[in-house]
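S.K.: quick check, what structure comes out for this input:
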Amino acid sequence: MDISINTPALLFPAISLVMLAYTNRFLTLSARVRTLHDLYEKSAKKEIVHGQIKNIRYRIKLIKHMQTLGVLAFLFCILCMFLIYIGLTIFAIWVFAFCMLSFALSLCFSLLEINLSMKAIDLLLSDIQGLEDPSIFEYFKRKFD
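M.R.: Numbering: from 1, shown residues only. Next up, the predicted model:
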């Protein structure tokens, strides 16, 4: 396999955008934590707020892992380009593989965090009675009927 310096360089914008999205998610969650903390102190329905806080704590841990793996992907990308530059192509291929693996794992953690985000919304709405949870097919069927 032949690898040029352009190959790892193509990942830079993707990793940058993903890291920006991760940072935005973290900032949103940290603001939500502050709000939930105040709500927990004042609320009579502490079990719902407590469940939301547990969910957010786990999501923050996931975001930490997502960001760590994203930074590792960046570093492996830089190292890969350096190895290509000095002519160590065999090592560069392996480092690029670690870069791709780190980035893929970061995206997997992101998918898990998105699913937990949906559960947090369900938990927030759990105290409202009469909400239906139609499947996606039922939803579109109702839209087109």
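
S.K.: so where's the chain uncertain?
M.R.: In the predicted model, the chain carries pLDDT under 70 at residues 1, 44-49, 123-124, 126-135, 139, 143, 145.

S.K.: biggest helix in it, by residue count?
M.R.: helix 46-85 (DSSP state H).

S.K.: look up how far Asp2 lies from the residue most central in space within the chain.
M.R.: By C-alpha atoms, centre = their mean, the chain has its centre lying nearest to Ser110, at 2.5 Å. Distance from Ser110 to Asp2, counting by C-beta to C-beta, to the nearest Å: 31 Å. No exception for glycine: its C-beta is placed from N, CA and C like everyone else's.

S.K.: and the longest helix of the chain, how far from the chain's centre?
M.R.: How far helix 46-85 lies from its chain's middle: 7 Å, per C-alpha atoms, centre = their mean, to the nearest Å.

S.K.: put the alpha carbons of stretch 40-59 into CSV.
M.R.: C-alpha atoms of stretch 40-59 as CSV (Å, rounded to 0.1, in the frame of the first residue of the first chain):
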residue,chain,number,x,y,z
TYR,A,40,-32.9,19.3,42.4
GLU,A,41,-32.6,21.5,45.4
LYS,A,42,-36.1,23.1,44.8
SER,A,43,-38.0,20.2,43.3
ALA,A,44,-40.6,17.9,44.9
LYS,A,45,-40.0,15.3,42.2
LYS,A,46,-36.4,14.6,43.1
GLU,A,47,-36.4,11.1,41.5
ILE,A,48,-36.9,12.4,38.0
VAL,A,49,-34.2,15.1,38.5
HIS,A,50,-31.9,12.5,40.1
GLY,A,51,-32.4,10.2,37.1
GLN,A,52,-31.5,13.1,34.7
ILE,A,53,-28.4,13.9,36.7
LYS,A,54,-27.2,10.3,36.6
ASN,A,55,-27.8,10.3,32.9
ILE,A,56,-25.8,13.5,32.4
ARG,A,57,-22.9,12.3,34.5
TYR,A,58,-22.6,9.2,32.3
ARG,A,59,-22.9,11.3,29.2
